[in-house]
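Visitor: just the structure for this:
(one chain, ligands or ions: 1)
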Amino acid sequence: MKTKYTKAGKIAHFSTFIKRILCVFVVLIMLACSICGCTGEESGGSTQKKKEDKKIQIGMTFDSFVIERWQRDRDVFVSMAKELGAEVNIQNANGDISEQKKQIEYFIKKGMDVIVIVSIDSMALKANIQKAKDAGIKVIAYDRLISDSNVDFYISFDNEKVGEMMGQALVDNGLENGKVIMVCGPHSDNNVPMVGKGFKDVMKEHGNEIIDTFYADGWKAELASDYMDKNMSSVIDCDAIMCGNDDIASRVVTALSEKRLAGKKLVVGQDADLEACQRIVEGTQLMTVYKPIEKLAQAAAEIAVKMAKGEEITAAGGRTSTISDGTYEIPCLKIEPVSVTAENMDEVIIKSGFHLKEDVYLNVHDKTEED
Ligand code: GAL
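Guide: Numbering: from 1, shown residues only. A predicted model of the protein is given here:
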C-alpha cells in the first residue's frame, strides 16, 4: 500500500534524505584524506619534510677527540654550520684509518653535499675521496692536507710557521750552538713535516744540532713517554726538546720531572692546551703555539656551506692561495698561528677567552691575586 504524505511530511522526509547523503559524503572525504594523508598537518609535515631534505648536509670525520683541541674544533664547526642553515653529521674514527674510510663511504651513501676530513693518514684516502668527488660531493681537508687526492679545499694554519715559532722561542731564550731532540707527531700527518721544516730551518740558522728525532705514531703521547724512558742519556745531554704537540709535551715534562730536570731543559709544543699553558706560567714549558681554532672552524663551516651552494670561496679570515698535495694544486686558506710564552699568556690566551685566568694560574697563586 503506497504511503500518503502530507506536505509537512514530504519536507521532513526530504531533509532526512539530505542529512543521510551529507553523512555519507563526510565519511567518504575523511576516508580519502586518511588514505592520501592530505590533512593540513600531514601535508604541512610533508612540505616541512621536503624543506628539511633541502638543508645542506655536511659529513665530518675526525681522527679522534683524545686531544683537547679537536672537541673545540667540532663544537665551533657544528654551531657555525647550523647557524648557516646546514646539518652536520659528526663521526669519530678513533685513530683507525679503516674506520675513517668506512665513515667516508657512509657519507657518500647518504648523499652528503660536503665531506670534511681530519685525516688520520694523509696517504690512505685517495680512492675514497675520488669516489666522493665522482658522486658530486665536495671534499675539504680540515687542518691536515691529504696527499695526491685533489680535495676541493684545504684549510689549516701556517704549519711551517708553527715550527719556526717553536725554534724562535728557543733562540730567543739564548739557544745557540746547542743540542736539540725532536719528539714529533706521526709521519702520516702531513702537518708534521711542515712543522719540522720550519723548526729545523731556525735551528740550523743558529747552529743548533738535532741530536735525535722520534715520531709518535697516531699522536700517541704514551709513545713519547717510552722514548724518554729509553733515551734518558740523550735527554740529559740535550739543551731543548721540541714536542709535536702539547699532549706529547705533557709526557716529556713528566719524564723530566722524574729526573728532577723539569724547567732545566727548554720544552716547546703547540695547541695551547690548558695544561701546557699551566706549565708555561709554572716554568716547566717554555712556549706553545696558539692556533685560533674558532677562526679555523668557522671559516671551514663557511667554506663548506658556500661550496654546497656552488658559491665562490673568499678568504674568510686568512689568505687564500694554493698548495701542492703532491700531484694537484689545492686551493687553501692558512690562518696565522701565535707564539705564546709566559710574557704574553694573558694578552693572547686569557684575552681571547681560549682559557680562563683562574684555570691557567691554578697553581700560581700570587698572579690570580693581582686582579
Ligand atoms: C696536528 C695539528 C696539531 C695538533 C695535532 C694533534 O695535525 O697540526 O695542531 O692538533 O694534530 O694534537
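
Visitor: drop to CA atoms for contacts and neighbour counts, all remaining ones
Guide: OK.

Visitor: so for the chain, the centremost residue is which one?
Guide: Centroid check for the chain by CA atoms, centre = their mean gives residue 73 as the closest residue, at 3.9 Å.

Visitor: quick one: average pLDDT of stretch 169-176?
Guide: Averaged over stretch 169-176, pLDDT sits at 98.

Visitor: does any bit of the host helix or strand of residue 303 sit next to the ligand?
Guide: For residue 303, the element it lies in under DSSP states H and E is helix 293-308. No - judged by CA under 6 Å from any ligand atom, helix 293-308 stays clear of the ligand, getting no closer than 9.6 Å.

Visitor: and that helix, what does it pack onto?
Guide: Using 3 or more CA pairs under 8 Å, 6 or more residues apart in numbering; DSSP states H and E, the elements in contact with helix 293-308 are helix 68-83, strand 114-117, strand 138-142, strand 153-157.

Visitor: and the next element down the chain from the second one?
Guide: In this case it means strand 114-117. Remark: after strand 114-117, the chain's next helix or strand is helix 126-134, criterion DSSP H and E.

Visitor: quick one: residues in contact with that following helix.
Guide: Residues outside helix 126-134 that contact it (CA atoms under 8 Å, 6 or more residues apart in numbering): 101, 104, 105, 108, 138, 139, 146, 147, 148, 149, 151.

Visitor: repeat that with 6 Å
Guide: For helix 126-134, the external contacting residues (CA atoms under 6 Å, 6 or more residues apart in numbering) are 108, 149.

Visitor: pull out the buried residues from it.
Guide: By neighbour count on 16 or more other CA atoms under 10 Å, the buried set for helix 126-134 is 126, 128, 129, 130, 132, 133.

Visitor: quick one: the strands in the stretch 101-250 of the chain?
Guide: 114-117, 138-142, 153-157, 179-184, 209-215, 240-243 (DSSP state E, counting those that start in this stretch).

Visitor: the last one close to the ligand?
Guide: No - using CA under 6 Å from any ligand atom, we find that strand 240-243 stays clear of the ligand, coming within 10.3 Å at best.

Visitor: now that strand: mean pLDDT?
Guide: Per-residue scores along strand 240-243 average to 98.

Visitor: thinking again about what came up before, and the helices and strands packed on helix 293-308 as a markdown table, adding mean pLDDT and distance to residue 358?
Guide: Converted to a markdown table, the helices and strands packed on helix 293-308 look like this (pLDDT from 0 to 100; distance: least, CA to CA, whole Å):
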| stretch | mean pLDDT | distance to residue 358 |
| --- | --- | --- |
| helix 68-83 | 96 | 18 |
| strand 114-117 | 98 | 34 |
| strand 138-142 | 98 | 32 |
| strand 153-157 | 96 | 28 |
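
Visitor: how about the residues of the chain that lie near the ligand?
Guide: In this structure, the chain approaches the ligand at residues 67, 144, 189, 191, 245, 271, judged by CA under 6 Å from any ligand atom.

Visitor: wait, is the last one part of a helix?
Guide: Read it as residue 271. No - if the criterion is DSSP: H, G, I helix; E, B strand; the rest coil, then residue 271 is coil and not within a helix.

Visitor: thinking residue 180 is in contact with residue 213, fair?
Guide: No - look at residue 180 against residue 213 with CA atoms under 6 Å: they stay out of range, at 8.9 Å.

Visitor: so these two - more neighbours on which side?
Guide: Set residue 180 next to residue 213 and count neighbours by other CA atoms under 10 Å: residue 180 wins out with 27 against 13.

Visitor: measure the more buried one to the ligand for me?
Guide: Look at residue 180 and the ligand: by CA to the nearest ligand atom, to the nearest Å, they are 20 Å apart.

Visitor: quickly list what that residue is bridged to.
Guide: Taking DSSP bridges as the rule, residue 180 bridges to residue 210, residue 240.

Visitor: ok, back up a step: okay, the helices and strands packed on helix 293-308 in a markdown table with distance to residue 231 next?
Guide: As requested, those are exported to a markdown table (distance: least, CA to CA, whole Å):
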| stretch | distance to residue 231 |
| --- | --- |
| helix 68-83 | 27 |
| strand 114-117 | 35 |
| strand 138-142 | 34 |
| strand 153-157 | 32 |
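
Visitor: what residue ranges in the stretch 251-371 of the chain score low on pLDDT?
Guide: Applying pLDDT under 70 to the stretch 251-371 of the chain flags residues 314-319, 366-371.

Visitor: which residues in it form strands?
Guide: For the stretch 251-371 of the chain, the strands defined by DSSP E, counting those that start in this stretch occupy 266-268, 288-290, 319-324, 329-335, 338-340.
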